[in-house]
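> structure, please.
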Amino acid sequence: SSRSSSPLAAMATKPKNERKGSFFFPRSKSKSNAAAAGETAPLVPKAKPIESTETIHYDLCFVFINPEHEDHKDFKGCDKGAGDETINGCDYKHFISKLLHVGLKVHTYLSIQGDEVYVQVGAPLERFKAQAALLDYKVKMDPKELEKATALHFEKVLKDDPSDTIDGKGPHLGAFDGRFGTYDYIFCKYEDEDEKQPLYAKGDGLSHPFHSTHRIKLLVTMIQGETFRGGADINIGECMAAKEECEDTENPSGGFGMLEQFPLHDPAVVNDLYKKWVVKWQWPWDQPVEQLRMYLGEKAGLYFGFLVHYTAWLMGIAVFGLIVQIDTYIEYSVQASTVPYFAVFVCVWAVLMLEDWKNKEATYALKWGMSDFESTEQDRPEFNGRIQWSPVDGEKMTFFPDSERQKAMNKSYSIIFCMLLLVLASIGGVFAIKIALDTNATLESIVPSITQAVVIQVLNAIYRTMAVGMTDSENHQTDTQYEDNLVAKLYMFTFVNSYSALYFIAFIEGWTSLGCEKGNCLNYLAYSMMVLFMTNLIVGNATEILVPLLAQRAKAAKESEGTGEKQKMSVAELQYTLETYDPTESTIEDFTTISIELGYVVLFAVAFPVAPFMAAVSEYVQIRTDGWKLCRAYKRCEPIGAQDIGIWASIFQLTTYASVISNAGIVMFTGTWFPYKLSTRIWMFILFQYVLVALMTGLDASIPDTPEDVEMQVERTAFFEKFIVEGAEPDGDKVDFDEYAHQHKKPHEVTYENRTHESQYHDSLDGSVFSD
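Numbers count the residues shown, from 1 in each chain. Got it, this is the predicted structure:
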């Protein structure tokens, strides 16, 4: 449909160069505009406290090329991502047709230039209910209504057996001392029966539980899911990936001619989040993690939750690190007497930090309804397999044999081993260059460093592409499995690539004919780490701000090119100019950055005690820049569920244990804190490791990963789901002793029996019990 006939024409915002009045700063609406009947234009704030159940929110937006525009007259269609159905000449009309077929609603209009088609997607409330019920989608329960339903359940139990009491009280949920109320943070699967609706907590201003994050998640399943899971069987990821294979390099497009897909920002929510998140000063533990999780999804929420947790813990160790660093200046040596104690403190700090995170992570999972997410996670659209009947419950399932996946994984391990050898070879090559340039001090200090930097970047780019390809070939079933295996591959390479040069300085270079620069190896190691931190802090954060800002302005200018200054763009068009935040890819990159930094902090603590302070400053700035990016410079990210931070927890834990070996080695062999003969230092090195590892292991074992009150609440959830939501009947099985009244005897009536016939008695076990 033409743009002039679209309801969005009535809500057009200011031109691209005026931010106020756009989706970031919504104008106040008149009563006439607020009172929309039936289908409403997307993102219009509602004046009513409780909106109509007939209201349709268009939460997802897809952008396609317009095949009727003169710029795209050569477009022949693309069926990539169309599912099992092969369609010749696929364009946006075929995409819309498939969505309408599964019960979705669409709102379609042309862009300001007419060369693009915007398709905004929503669904009626009843369609959301049906999809949620089909997938056993978990939603939060209303505590008050749940308490009422539970009381009725136990009244029924007591009615069946009035004598079943303790201290005169019938069955009920017993008291438990914890942080949560009995009926708090209970998430159960959704049932669409009318009598069950009061049990579910309502979203703000809604008469149902499906707030925008739930709606976006369910819409994605309705688009990407297989037909037996209520979906249109459209692989959005494959549609977008097809852009890279497009023959039209000037105007590349993907499946159905797709250019982009993204959830739409909610003006009221994103602006409120921005005000609470992006402030001049705020303690790390006061960040609005709960609110940003509600808006960005659990995967992004867990990343930011860990970021603020890590930053808060860094602030404590940063003080100790500054004191030790000052001591090195007082003693005029990097080998100050307080440094070995700092190494021990850092290792213990890392264990306690991770143990505290495990507790916090389990609490987040409970509060966000993610405690059993991985057991109910939907299949990836890219997962290929044979649809068959499940041997467990007889339901339809997609099957792929583990043996085939293991073959692909074994092949991946071989390739990874070869790539790691290549990294080590590159380090040897750089050192060979340094030896060759030994006679020229200027070239010796510049050429090897530049060569190493270039080699690292080239190998990183090559390996990342290879890692994605290897993980794709392994055909993992869920996003969690896929991401964990991808991260494992990437981190093995990243660890070697990031720390090998520092380990070379710490343990090898001093024994070569060239020796270390800056006087000794510890000085050179500290200098190298300072350069790395300053580069990450200044260049990294500046890039994160400038790149999306400049890209947004360039894209906005391109979108409005040739339309005149008076032309305005719709809300969706304005958001299309923003950068894209992929929650999976972005969190992998962000966690990789944290993991490398954590390695610098704990692996080489004795060489650079001020590292925790610099890391705390860097992460505090990161919190602010991330808030600005996600609330101002990026499209709204697709909310994705997650139970935990995945394999990153294991990576961080392995890093902390590796820090024991690293710091012990630097103290005993690189430094001169203990000027004893080599054999003595070797024994001290071994003893240092055993004592510290034993201490760290003891702390790890003594602190439970999941708090007791979280475990209790998870177990209560299973009870509520079975008896309150599913309505299972109480177990009435019992033994009636009255049935055995005919053999009842009082104690004085009990006596022994007469001996049986003599043939039943024997002299020994042989011949009676045992016989040959």
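
> show me what contacts residue 603?
Contact analysis of residue 603 by Cβ atoms under 8 Å, 6 or more residues apart in numbering lists 499, 502, 655, 658, 659, 662, 663. All C-beta spots, glycine's among them, are computed from the backbone N, C-alpha and C.

> no no, residue 484
With contact taken as Cβ under 8 Å, 6+ apart, residue 484 is in contact with 646, 647.

> that older thread, go through the contacts of residue 603 and name the one nearest residue 628.
Distance to residue 628, by Cβ to Cβ, is smallest for residue 655 among these, at 29.2 Å.

> in this structure that closest one contacts residue 599, no?
Yes. Assessed by Cβ atoms under 8 Å, residue 655 is found in contact with residue 599 at 5.5 Å.

> how far away is the most centrally placed residue in the chain from residue 242?
In the chain, the C-alpha nearest the mean C-alpha coordinate belongs to residue 299, at 2.8 Å (Cα atoms, centre = their mean). Separation of residue 299 from residue 242 (Cβ to Cβ, to the nearest Å): 25 Å.

> ok, residue 669 next?
According to Cβ to Cβ, residue 669 stands 55 Å off from residue 242.

> in terms of neighbours, single out the busier of the two.
Set residue 669 next to residue 242 and count neighbours by other Cβ atoms under 10 Å: residue 242 wins out with 21 against 17.

> contact partners for the more buried one?
Counting by Cβ under 8 Å, 6+ apart, residue 242 touches 78, 80, 81, 253, 254, 255, 258.

> now that we have those, which of them are buried?
Listed as buried from the contacts of residue 242 are 78, 80, 81, 253, 254, 255, 258; burial here means 16 or more other Cβ atoms under 10 Å.

> any idea how far the second one is from residue 245?
Spelled out, that is residue 80. 8 Å.

> go on, the first one?
Distance from residue 78 to residue 245, counting by Cβ to Cβ: 9 Å.

> for the stretch 451-600 of the chain, just list every one of the helices.
Along the stretch 451-600 of the chain, the segments classed as helices by DSSP state H, counting those that start in this stretch run 479-507, 521-535, 541-559, 571-576, 583-603.

> counting by contacts, list what the fourth one packs against.
Spelled out, it's helix 571-576. Packing partners of helix 571-576 (3 or more Cβ pairs under 8 Å, 6 or more residues apart in numbering; DSSP states H and E): strand 60-65, strand 116-122, strand 258-263, helix 541-559.

> can you do 7 Å?
Under the contact definition 3 or more Cβ pairs under 7 Å, 6 or more residues apart in numbering; DSSP states H and E, helix 571-576 sits against strand 116-122.

> now the element after the strand it packs on, going C-ward?
helix 125-134 (DSSP states H and E).

> buried sites along that following helix?
For helix 125-134, burial by neighbour count (16+ other Cβ under 10 Å) applies to 125, 127, 128, 129, 130, 131, 132, 133, 134.

> not counting stretch 222-238 itself, show me its contacts.
If you take Cβ atoms under 7 Å, 6 or more residues apart in numbering as the criterion, stretch 222-238 is touched by 80-84, 98-99, 101-102, 104, 123, 131, 134-135, 221, 255, 261, 381-382, 396.

> so of those residues, which ones are in helices?
Mapping the contacts of stretch 222-238 onto helices (DSSP state H) picks out 98, 99, 101, 131, 134, 221.

> next, the angle from the lengthiest helix in the chain to helix 479-507.
Criterion DSSP H: the longest helix present in the chain is helix 402-436. If you take axes from the mean of the first three to the mean of the last three Cα atoms, to 10 degrees, helix 402-436 sits at 20 degrees to helix 479-507.

> so what does helix 402-436 touch, helix or strand wise?
Helices and strands touching helix 402-436, by 3+ Cβ pairs under 7 Å, 6+ apart, are helix 441-473, helix 479-507.

> residue 610 touches residue 323, doesn't it?
No. With contact defined as Cβ atoms under 7 Å, residue 610 does not count as touching residue 323 (10.1 Å).

> higher neighbour count, those two?
Legend: neighbour count by other Cβ under 10 Å for residue 610 and residue 323, higher for residue 610 (18 against 12).

> which one is that one nearest to, not counting chain neighbours?
Sequence neighbours aside, residue 325 is the residue nearest to residue 610 in space, at 4.2 Å (criterion: Cβ to Cβ, 6 or more residues apart in numbering).

> now do that neighbour, the pLDDT please.
Residue 325 is assigned a predicted lDDT (pLDDT) of 91.

> farthest pair in the ones in helices among the contacts of stretch 222-238?
The span of the ones in helices among the contacts of stretch 222-238, defined through Cβ to Cβ, is set by 98 and 134 at 17.9 Å.

> about what we covered before: what about the helices of the stretch 451-600 of the chain, which gets the closest to residue 641?
helix 479-507 (8.9 Å).

> now do the buried residues in that closest one.
Buried residues in helix 479-507, counted by 16+ other Cβ under 10 Å: 479-507.

> for the stretch 551-700 of the chain, which spans come out with low pLDDT?
552, 555-567 (pLDDT under 70).

> thinking again about what came up before, any chance of the helices and strands packed on helix 402-436 in TSV, plus distance to residue 211?
TSV is the format used below for the helices and strands packed on helix 402-436 (distance: least, Cβ to Cβ, whole Å):
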stretch	distance to residue 211
helix 441-473	33
helix 479-507	22
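
> measure stretch 598-613 end to end?
End-to-end distance for stretch 598-613: 12 Å, by Cα to Cα, to the nearest Å.

> all strands of this structure, in order?
With DSSP state E as the criterion, the chain has strands at 60-65, 105-110, 116-122, 138-140, 187-189, 258-263, 386-389, 396-399.

> what's the neighbour count on the closest residue to residue 434 other than its chain neighbours?
The shortest distance from residue 434 to any non-neighbouring residue, by Cβ to Cβ, 6+ apart, is to residue 448 (4.5 Å). As a burial measure, residue 448 scores 19 neighbours (other Cβ under 10 Å).

> quick check: the nearest residue to residue 685 once chain neighbours are set aside vs residue 278, distance?
Spatial nearest neighbour of residue 685, excluding adjacent residues (Cβ to Cβ, 6+ apart): residue 668 at 4.4 Å. For residue 668, the distance to residue 278 equals 46 Å [Cβ to Cβ].

> if I pick the residue lying closest to residue 305 once chain neighbours are set aside, what's in contact with it?
The shortest distance from residue 305 to any non-neighbouring residue, by Cβ to Cβ, 6+ apart, is to residue 289 (4.9 Å). Residue 289 makes contact with 301, 304, 305, 308, according to Cβ under 7 Å, 6+ apart.

> among these, which are located in helices?
Mapping the contacts of residue 289 onto helices (DSSP H) picks out 301, 304, 305, 308.

> name the member of the residues you listed with the most neighbours.
For the ones in helices among the contacts of residue 289, neighbours tallied by other Cβ under 10 Å; top is residue 301, 25 neighbours.

> show me what contacts it?
289, 292, 293, 368.

> surely the second one touches residue 273?
Think residue 292. Yes. With contact defined as Cβ under 7 Å, residue 292 counts as touching residue 273 (6.0 Å).

> and residue 170, how far from residue 160?
Using Cβ to Cβ, residue 170 is found at 11 Å from residue 160.

> picking that back up, residue 337: which of the strands of the chain is closest?
Nearest of the strands of the chain to residue 337, taken as Cβ to Cβ: strand 187-189 at 53.8 Å.

> what's the closest non-adjacent residue to residue 671?
residue 335 is the one closest to residue 671 (Cβ to Cβ, 6+ apart), at 5.1 Å.

> neighbours of the one you found, how many?
For residue 335, the count of nearby residues is 18 (other Cβ under 10 Å).

> please apply the same query to residue 704.
Residues contacting residue 704 under the criterion other Cβ under 10 Å number 13.
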